[in-house]
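Peer 1: what's the 3D shape of this:
(2 chains)
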Amino acid sequence: MTAGRPNDPSLKLLYDMLRIRMVEEAIAREYPKGEMRCPVHLSIGQEGAAVGIASALETTDLAVSTHRAHAHYLAKGGDLKRFLAELFGKDAGCSRGRGGSMHLIDLSVGFEGSTAIVGSTLPVGVGLAMGSKIRGEKTVTCIFLGDGAIEEGVFYESANFAVVRNLPVLFACENNSYSVYSPINVRQPKGRKIHELVRAIGLKTSSHDGNDVGGVTAVTRAAVAEIRAGGGPMLLEFATYRWLEHCGPYPDDNLGYRPEAEVAAWKARDPIVVASAQLADHPGFSADVMARWRSEIEAEVDAAFAFARAAAWPAQTTRADFVYA
Amino acid sequence: MPDTSAPQLTFVDAVRDGIDVAMQLDPHMVCYGLGADDPKRIFGSMSGLAEKYGNTRVFDAPTSEAAMTGIAIGAALRGVRSVTVHQRLDFFLLAMDQLINNAAKWHFMFGGQRSVPIVIRLILGRGWGQGPTHSQSLHSWFAHVPGLKVVMPTNAADAKGLLMSAIFDPNPVVFMEHRWLHQAVSNVPVGDYRVPLGRAHVLRQGGDITLTAMSFLVPEALRAATMLEGLGIKCDVIDLCTVRPLDWETVSKSILKTGRLLALDSGWLTCSVASEIVALACERHFRSLRCAPRRAGMPDHPEPTSFELTKGLHPSAESIANDVCDMLELPQRFEIAAGSGPHDVPGAWFKGPF
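Peer 2: Residues are numbered from 1 along each chain as shown, chains lettered A, B, ... in the order given. Below is the predicted model:
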């Protein structure tokens, strides 16, 4: 990250959200050039949850994520250059060009991997927690998931086992109300509250506004402390909203699958706007500070894209590498 | 060669011994599955382990095949090896996303940064009415997938030696035990005993035909070879041991020597390991073949439950010997001896129910 990243905790949250937003916007802008030849699921609109959750974790804490993992990877501290190089399919990519946008990893910051199949990393995260516990580590494993994963059978299995063995796991559920184009009200019964449902499995749960980064940080920090102290697995549900299409760089509200008023209401609650408003009286914050951050981040993002573009392809002779260890 | 000074153990006790020794060698290794510390201990293969290693390392598990497989993957990423067990393969089909999308791919799709050293024990059923969903031998499915290793031991010594190699292999290994082999006895070396994965064993040498087999078909092939010897026909009998990676070199050498191949398979023949071996033989040794290679395995339908309907369902020593006679254009045929006991149990030790 750039030298301009502030030390003040609340400024840092805003800075990190802005940085992720600008990276994602740059990906959306550059994507039509056809250099990033893999599906991308952009996180624009959901930065509040990602940054708030990750800010409550230690670098040594572990995380796994989903197809929509860019924000989680970056918020956990994943390397930006290697991330973009991965989208470009380059050997310098975080997965050496084998995984693309949906398979991100940065072991140096505990980001253990994101995968493409909904729900697939849930038990892997629980297993990481079991492994940590057996090895006597004090780490917490954060499993990022969405509302769709709650509909996968493996979610119940994973949550159940985490409770049975009292494992240090945080299920961080970003509920953005849509699984691709399918709204939650056709997928789950009327009146269902995810956090209430999951409480019945035996986890401590609560639900929160995912677009209030400060609030997300506070509740996650308390949860992580309790989990680390042996309090058992928890699920935090964060309501949020994705701005662009499920997969790809464009808006898709021309398709009419989301009510216009709903889209407008969520965009009015842009987590960056919300946090900026909360910081209005902060002595270290001003329009000038924001503008400086923007230009610094822009330079960082430009340099990372230049790195990714200039990076070497993996050699074709290595195509069959890594099948077996 | 079998070490005749080593103690004689059953297959199932050899599996238990292999887990026990591995858990001594690796203080973090875990072992779990539905029934792992229940009164029956997975046909005895887990006897005493929970008492010896405690509930953190050896434990009964929820009826959650998918999650428990993913949990093994996650633990492996944290440096905790595991042996998980399923009393029938058929239940494990609930875990395919974890096996195929995660375990088999993790090393590859993250550019070689992490590997997944897990062993999944799958027990294969047959007979006594195991029927359509307690009897499937789906090794060919698993063998299709790059990133997996698939092991199918046939005797007690190999059960221990291959299991220990599987446990300490850095890759995910599907370890398939046939229930009918659980009471097979052989000399099993004590302590840290490992048999390399990916190597077939030539159990019998002969120049006339190559028989390749896995799992319960290996003893049948050996019995067929003995019967054929009475006709002056000498068989190479190859126990594949590992069906992925397949030890083509050993099979290839044998085919070049005999010019004839009968590939046996404990599953269905369509897209089977036997099909793969025949395809390789045709592609690479077409001119060395003295007659068309042949496969024998399960007929192309599910295993029925009825005692009557399972008669003659699986290849037997007699059917194998008859296939060989047919390939050699010999008129002799063998029949299952009268009074050889019911066809649907492996021996008097098996009283059902599974």
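Peer 1: report the spatially closest residue to residue 315, excluding sequence-adjacent ones.
Peer 2: Picking chain A for this. Nearest residue to A:Ala315, sequence neighbours excluded (Cβ to Cβ, 6 or more residues apart in numbering or on different chains): A:Asp91, at 7.5 Å. From N, CA and C alone the C-beta is placed, and that goes for glycine too.
Peer 1: switch to chain B, that's the one I care about
Peer 2: B:Ala296 (4.7 Å).
Peer 1: so what does the strand or helix carrying that neighbour touch, helix or strand wise?
Peer 2: Per DSSP states H and E: B:Ala296 is located in strand B:294-298. Applying 3 or more Cβ pairs under 8 Å, 6 or more residues apart in numbering or on different chains; DSSP states H and E, we find strand B:294-298 packed against strand B:261-268, helix B:273-285, helix B:317-327.
Peer 1: quick check: angle from the longest one to strand B:294-298?
Peer 2: The one in question is helix B:273-285. 170 degrees (axes from the mean of the first three to the mean of the last three Cα atoms, to 10 degrees).
Peer 1: counting by contacts, list what helix B:273-285 packs against.
Peer 2: Against helix B:273-285 (3+ Cβ pairs under 8 Å, 6+ apart) you get helix B:139-143, helix B:248-258, strand B:261-268, strand B:294-298.
Peer 1: can you give the distance from that helix to the centre of its chain?
Peer 2: 20 Å (Cα atoms, centre = their mean, to the nearest Å).
Peer 1: what do you get for the first one?
Peer 2: Here the centre of mass of C-alpha atoms in strand B:261-268, compared against the chain's by Cα atoms, centre = their mean, lies 13 Å away.
Peer 1: before we move on, the earlier item: how far away is the residue nearest to B:Pro315 from B:Phe286?
Peer 2: B:Ala296 is 21 Å from B:Phe286, where distance means Cβ to Cβ, to the nearest Å.
Peer 1: B:Ala6: what's it in contact with?
Peer 2: Contacts of B:Ala6 were listed using Cβ atoms under 8 Å, 6 or more residues apart in numbering or on different chains, and they are B:157, B:187-190.
Peer 1: would you mind naming what in the stretch 1-150 of chain B lies close to chain A?
Peer 2: B:28, B:30, B:56-57, B:61-62, B:64, B:66-80, B:97-98, B:101-102, B:106-115, B:117, B:146-147, B:149 (Cβ under 8 Å from any Cβ of the partner chain).
Peer 1: now the residue nearest to A:Ala315: which helix or strand?
Peer 2: Under the criterion DSSP H and E, no helix or strand holds A:Asp91.
Peer 1: so it touches A:Arg82, yeah?
Peer 2: No. With contacts counted by Cβ atoms under 8 Å, A:Asp91 stays clear of A:Arg82, the gap being 10.4 Å.
Peer 1: which one's more surrounded, the two?
Peer 2: Legend: neighbour count by other Cβ atoms under 10 Å in any protein chain shown for A:Asp91 and A:Arg82, higher for A:Arg82 (23 against 16).
Peer 1: identify the residues contacting the residue of the stretch 201-325 of chain A at minimum distance from chain B.
Peer 2: In the stretch 201-325 of chain A, the residue that lies nearest chain B is A:Ala325 (3.4 Å; Cβ to the nearest Cβ). Neighbour list for A:Ala325: B:107, B:112, B:115, B:117, B:170-171 [criterion: Cβ under 8 Å, 6+ apart].
Peer 1: and which of those residues is nearest to A:Asp8?
Peer 2: Closest to A:Asp8 out of the contacts of A:Ala325 is B:Gly112 (39.5 Å), distances taken as Cβ to Cβ.
Peer 1: now that closest one: phi and psi?
Peer 2: phi 80, psi 10 (degrees, to the nearest 10).
Peer 1: give me the neighbour count for B:Ile348.
Peer 2: Ile isn't right for residue B:348; it's Ala. For B:Ala348, the count of nearby residues is 9 (other Cβ under 10 Å).
Peer 1: how about it, what does it touch?
Peer 2: By Cβ under 8 Å, 6+ apart, B:Ala348 lies in contact with B:Gly341.
Peer 1: apply 10 Å and report the result again.
Peer 2: Applying Cβ atoms under 10 Å, 6 or more residues apart in numbering or on different chains to B:Ala348 gives the contacts B:183, B:341-342.
Peer 1: just among those, which is most surrounded?
Peer 2: B:Gln183 (18 neighbours).
Peer 1: what's the neighbour count on whichever residue of the stretch 201-350 of chain B sits closest to chain A?
Peer 2: Closest approach between the stretch 201-350 of chain B and chain A, counting by Cβ to the nearest Cβ: B:Pro245, at 8.3 Å. Other residues near B:Pro245 number 14, with proximity taken as other Cβ under 10 Å.
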